[in-house]
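Q: kindly return the folded structure for what I paste below:
(one chain, ligands or ions: 1)
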Amino acid sequence: MVDSLLRGHTKYYRKKVGGERDFLRRLAAEHQSPDALYVGCSDSRVIPEMLTQSSPGDLFVIRNVANIVPTFENADASVGAALEYAVGHLKVPHIIVCGHYGCGGVKAAVDGLEHVHGMPSLHEWLTPTETTARVVRNTLPADASAEQIWRKAVEANVLEQLEHLATYAVVAKALENDEVELHGWVYDLFSLGLYIYDDETDRFALANDLLKPQE
Ligand SMILES: [Zn+2]
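A: Got it, this is the predicted structure:
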């Protein structure tokens with residue numbers, strides 16, 4: 001497995017010696033100035049640069065199980081450090097929290113963390129998401145399918161993390177000064193569609209339907 005990764009790198013290295021070499025060299029010589037801070041899941045199938053067709057330098061990325069931003073009071077230093085650097089120093093104009101349908105972390109929270117054995121850190125990490133999932137279950141009709149609950153919990157989990165962002169002073173200040181915009185996304189592993197949260201309708205709508213045709 002690791003051999004195939006190294007073979008992959010060799011291929012990458014040789015390829016980059018060609019066309020994109022100058023671009024990457026220029027990028028390395030400059031300060032980074034990403035367009036957005038992206039908070040996504042560690043899931044190996046959800047690759048932010050792939051699903052947004054971004055280039056090196058475009059996204060500052062935080063990935064963890066179930067795309068969680070703990071509240072400042074329950075701060076995870078890793079998430080807090082990246083947030084502070086991206087918003088306070090790099091001045092990213094956008095923060096995107098991107099969940100995904102089919103998220104195993106959210107599924108574990110929906111099913112109940114009593115089923116998670118021998119993984120104490122994961123248990124602790126997902127405990128707030130379990131609370132979110134419980135609220136979702138209680139707001140859906142009693143005959144809602146497990147799939148419906150799971151999908152709704154994925155969406156609610158994204159909205160919860162957007163709320164948490166403002167508990168960090170650096171984000172609260174940037175929001176107050178209109179220097180940053182927050183975005184809630186959900187990527188669909190199955191259809192490959194991207195759903196964007198619209199606070200006017202309080203729904204996630206397919207990105208393709210929202211985009212205006214290019215002139
Ligand atoms: Zn996930």
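Q: give me the most central residue, this structure.
A: Closest to where the C-alpha atoms of the chain average out (C-alpha atoms, centre = their mean) is G40, at 2.1 Å.
Q: regarding that one, what is its secondary structure?
A: Secondary structure for G40, judged by DSSP: H, G, I helix; E, B strand; the rest coil, is strand.
Q: pLDDT at it, what is it?
A: Reported pLDDT at G40 in the predicted model: 98.
Q: can you report how many residues neighbour R151?
A: R151: 22 surrounding residues under other C-beta atoms under 10 Å. In short, each C-beta sits where N, CA and C put it, glycine included.
Q: need the nearest residue in space to it, chain neighbours excluded.
A: Nearest non-adjacent residue to R151, counting by C-beta to C-beta, 6 or more residues apart in numbering: Y101, 5.5 Å away.
Q: returning to that earlier point: let me see the contact set for the closest residue to the residue nearest to the centre of the chain other than its chain neighbours.
A: Computed as C-beta to C-beta, 6+ apart, the closest residue to G40 that is not its neighbour in sequence is C98, at 4.5 Å. With contacts defined as C-beta atoms under 8 Å, 6 or more residues apart in numbering, the neighbours of C98 are Y38, V39, G40, C41, V46, P48, N67, V158, W185, V186, Y187.
Q: for W185, same thing?
A: For W185, the contact set (C-beta under 8 Å, 6+ apart) comprises I96, V97, C98, G99, V158, L194, Y195, I196, Y197, A207.
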